[in-house]
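1. can't give you the sequence, but here's the structure:
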């Protein structure tokens, strides 16, 4: 049984704390056309102007914003938009947000928002994926942000993407965004929602294995028929 299978077994047995919205990166108040500050999103233990908090916090996770071929992440704040702008012409590159938990911890990326600047209504398309140990854990291609579905009261077209990730990942986890069409300077991501978990000690993992075995035995136990 590999590490991810063990973590999934532990989660299934209820040995991880219940999933909760722990940290949301909102990018508000970080300036306009400025590089995301070094350390933003690292070891979050308290709410702030650009960070929302839920139950649990993420004091054992660091976050890095890494452009790969694009011009980079730039924060943008105006009355319509408070987000991390993705600058660069597709298919020039992709944009990575890397979540790295400390030893003994694991990370879950719950959701993020892709924004289309409403003034230009480009109807961008993009691909996204979650990558761990060089393998894609979740993702979708050809996602369309429809300019006719504007729901944000401030005026930006937006799409909330729920990743569907449930098993915590013990290692560097990459959220990769690859824009595939639209204006290269009128797209952004926002409200990145992630959580951390404690990696169980070996004794706890043994307990999880026992939990799974017990469940299997219960499933296989034949029904007793009485006269």
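-> Sure, I can see it. What you see is a predicted model; the values in this text were computed from it and never measured. Residues are numbered from 1 along each chain as shown.
2. Just the element for residue 65, please.
-> Per DSSP states H and E, residue 65 falls inside strand 61-68.
3. Parallel or antiparallel, list what pairs with that strand.
-> Here strand 61-68 is paired, per DSSP bridges, with strand 94-101 (antiparallel).
4. so residue 37 sits right up against residue 30, yeah?
-> Yes - here residue 37 reaches residue 30: they are 6.6 Å apart, a contact under Cβ atoms under 8 Å. The C-beta positions use only the backbone N, C-alpha and C, and glycine is treated the same way.
5. the more surrounded of the two?
-> Ranked by neighbour count (other Cβ atoms under 10 Å), residue 37 and residue 30 place residue 30 first, with 21 against 12.
6. which non-adjacent residue is nearest that one?
-> residue 75 (4.0 Å; Cβ to Cβ, 6 or more residues apart in numbering).
7. ok, that neighbour to residue 199 distance?
-> Residue 75 sits 32 Å away from residue 199, taking Cβ to Cβ, to the nearest Å as the criterion.
8. Which one's more surrounded, these two?
-> Neighbours per residue, other Cβ under 10 Å: of residue 75 and residue 199, the larger number sits with residue 75, 23 against 19.
9. Which pLDDT value belongs to that one?
-> Here, the pLDDT recorded for residue 75 equals 88.
10. Quick check: the gap between it and residue 28.
-> Relative to residue 28, and taking Cβ to Cβ, residue 75 is found at 9 Å.
11. what do you get for residue 125?
-> 26 Å.
12. what does the strand holding residue 65 rub up against?
-> By Cβ atoms under 8 Å, 6 or more residues apart in numbering, the surrounding residues in contact with strand 61-68 are 23, 25, 36, 40-44, 73, 84, 88, 93-102, 105, 107, 194, 196.
13. among those residues, which ones are buried?
-> Using 16 or more other Cβ atoms under 10 Å as the burial test, the contacts of strand 61-68 include 23, 25, 36, 40-41, 44, 73, 84, 88, 93-97, 99-101, 105, 107, 194, 196 as buried.
14. right, and the residue nearest to residue 30 touches residue 81 too?
-> No - Residue 75 is beyond contact range of residue 81, at 10.0 Å (criterion: Cβ under 8 Å).
15. Ignoring the adjacent residues along the chain, who's closest to residue 172?
-> The nearest residue in space to residue 172 (Cβ to Cβ, 6+ apart) is residue 100, at 4.6 Å.
16. now do residue 52
-> Nearest one to residue 52, counting by Cβ to Cβ, 6+ apart, is residue 24 at 4.1 Å.
17. Bridged to that neighbour, which residues?
-> Note on residue 24: beta-bridge partners residue 52, residue 193, judged by DSSP bridges.
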